[in-house]
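Chemist: make a model of this:
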Amino acid sequence: MTIATREKLSSQAAPKVLAALRQIAESQGRQFQAVLDEALRDYIDRQQQERPRRHVMASFASSLDEFDSLYRELAK
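Modeler: Below you'll find the predicted structure:
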């Protein structure tokens, strides 16, 4: 097992958010830091998956421009 390097983070959060994270950590018998790290990773994963990549959207726009009349005919 390798130990990951950690970097200090200083930020602020709503008291209810921190309390919820602490409660989750306590109920699962985990450290607060581990729960916070998991929450941040989950957020990053969702953000990266939910947003189409720029080149995908550019290709989609190009397709709409090129085949607009065909798409309109198919929609009838």
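Chemist: quick check: longest helix in this structure by residues?
Modeler: With DSSP state H setting the assignment, residue counts place helix 54-75 as the longest helix in the chain.
Chemist: how far is that helix from where the chain is centred?
Modeler: Averaged C-alpha coordinates place helix 54-75 at 27 Å from its chain's average position (CA atoms, centre = their mean, to the nearest Å).
Chemist: now stretch 24-41
Modeler: Mean C-alpha position of stretch 24-41 versus that of the full chain (CA atoms, centre = their mean) differs by 17 Å.
Chemist: give the buried residues for that stretch.
Modeler: 25, 35-36 (16 or more other CB atoms under 10 Å). (Glycine included, C-beta is placed from N, CA and C.)
Chemist: now the longest helix of the chain: buried residues?
Modeler: For helix 54-75, the neighbour count (16+ other CB under 10 Å) marks no residue as buried.
Chemist: and for it, what's in contact with it?
Modeler: residue 52 (CB atoms under 8 Å, 6 or more residues apart in numbering).
Chemist: I'd like the average pLDDT over stretch 39-56.
Modeler: Summarised as a single mean, pLDDT over stretch 39-56 is 84.
Chemist: what do you get for stretch 5-25?
Modeler: Stretch 5-25 comes out with an average pLDDT of 93.
Chemist: measure it end to end?
Modeler: Start and end residues of stretch 5-25 are separated by 21 Å (CA to CA, to the nearest Å).
Chemist: change the start of the numbering to 59 and stick with it
Modeler: OK, 59 is where the count begins now, so the last one is stretch 63-83.
Chemist: and residue 75, what helix or strand is that in?
Modeler: helix 73-86 (DSSP states H and E).
Chemist: what helices or strands is the following helix or strand past that helix leaning on?
Modeler: Sequence order places helix 90-108 as the next helix or strand after helix 73-86, per DSSP H and E. The contact analysis (3 or more CB pairs under 8 Å, 6 or more residues apart in numbering; DSSP states H and E) places helix 90-108 against helix 73-86.
Chemist: next one: the helix it packs on to chain centre, how far?
Modeler: With CA atoms, centre = their mean, you get 20 Å for helix 73-86.
Chemist: and for stretch 91-104?
Modeler: The answer for stretch 91-104 is 9 Å, by CA atoms, centre = their mean.
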